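*Asks:* quick one: sequence and predicted model below, then my questions.
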Amino acid sequence: MAFIEAKDGVQLHVKDLGTGHPVVLIHGWPLTGDMFEYQTLALLEAGYRVITYDRRGFGQSGHPADTYNYDVFADDLGAVLESLDLQKAHLVGFSMGGGEIARYLARHGTARVAKAVLVSSVVPYLLKDVSNPDGVDSSVFADMKAQVREDRFAFLQHFAKTFYGVGLVSKPVSQGVLDWSFVLAVMASPKATIDCIDAFGRTDFRPDLKAFTIPTLIIHGTSDKTVPIDPSGRAAAAGISGAKFIEYDGEPHGLFATAPERLNRDLIEFLG
């Protein structure tokens with residue numbers, strides 16, 4: 001099945017590989033489901049069924065003019081789980097993909113879900129305000145949107161270097177990974193690229209944390225400059241009862257590519 005129809009008719013591009021226990025990988029901004037190349041291969045070789053899909057507005061999914069908010073994104077995840085009739089699925093959300101998991105559990109419950117993993121996730125709340133002093137200043141998100149409007153292509157090339165910690169980590173990604181990430185990112189709708197900055201930057205998932213009543217793993221890099229660890233990974237670990245939290249010392253945001261072997265081991269150990 002290449003496409004699944006969302007509640008409002010938007011077509012979601014889905015890849016469904018393998019025949020084992022289902023693992024749904026939910027991608028980050030501004031990439032596509034293909035960002036999980038290293039994880040997909042490792043999970044398939046470990047005997048799992050691996051499902052990836054492109055968020056609306058990104059990759060090969062439909063590019064509507066609006067509807068870029070987490071209630072809709074959560075319902076899109078629900079459409080994938082229901083259309084494939086997945087039972088006891090493991091959900092793995094990277095960056096803004098963690099928000100899909102939080103809002104899905106709050107809106108739809110855990111009937112189809114066995115475990116959850118948040119990797120470099122934006123959960124529970126990124127925006128700096130009086131209730132979240134460790135958050136990211138609103139001017140950062142405004143500047144990102146302005147740069148996307150001015151020259152989306154230059155922005156994406158610069159953003160990828162921060163994303164992967166180029167110049168900051170001891171083992172940087174190759175130029176090939178940077179080029180590949182650019183190709184995935186430019187597939188997105190410009191409107192979705194802009195609107196999702198507000199979605200992941202301003203959505204408060206703190207009320208959704210109580211919906212994590214299943215085993216949950218949280219992984220975050222201590223040198224993440226894209227989604228700082230204090231208002232995200234550490235706050236999520238403090239707010240989700242019983243969550244297992246692993247900090248990757250010195251790793252940047254895109255640790256799925258900077259530390260793939262370690263991430264794959266931790267994922268498979270937790271899911272198994």
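*Replies:* Looks like it came in fine.

*Asks:* most distant residue from the centre of this structure?
*Replies:* For the chain, the residue at maximal distance from the C-alpha centroid (CA atoms, centre = their mean) is Val130, at 26.0 Å.

*Asks:* straight-line length of stretch 121-131, end to end?
*Replies:* Counting by CA to CA, to the nearest Å, you get 19 Å between the two ends of stretch 121-131.

*Asks:* centre of the chain versus it, how much separation?
*Replies:* 16 Å (CA atoms, centre = their mean, to the nearest Å).

*Asks:* was I right about Asp137 contacting Lys128?
*Replies:* Yes. Assessed by CB atoms under 8 Å, Asp137 is found in contact with Lys128 at 5.0 Å. To be clear about C-beta, it is placed using only N, CA and C from the backbone, and glycine gets the same treatment.

*Asks:* for the regular element (helix or strand) spanning Val14, packing partners?
*Replies:* When elements are assigned from DSSP states H and E, Val14 belongs to strand 11-17. Packed against strand 11-17 by the contact rule (3 or more CB pairs under 8 Å, 6 or more residues apart in numbering; DSSP states H and E) you find strand 3-5, strand 49-53, helix 70-83.

*Asks:* what about the residue farthest from the centre of the chain, distance to Leu41?
*Replies:* 45 Å (CB to CB, to the nearest Å).

*Asks:* still on that earlier bit, most neighbours per residue, which of the helices and strands packed on strand 11-17?
*Replies:* Among the helices and strands packed on strand 11-17, ranked by average contacts under mean count of other CB atoms under 10 Å, first place goes to strand 49-53 (a mean of 24).

*Asks:* all helices of this structure, in order?
*Replies:* Under the criterion DSSP state H, helices of the chain are mapped to 37-45, 70-83, 96-108, 138-163, 175-186, 190-202, 235-239, 255-258, 260-271.
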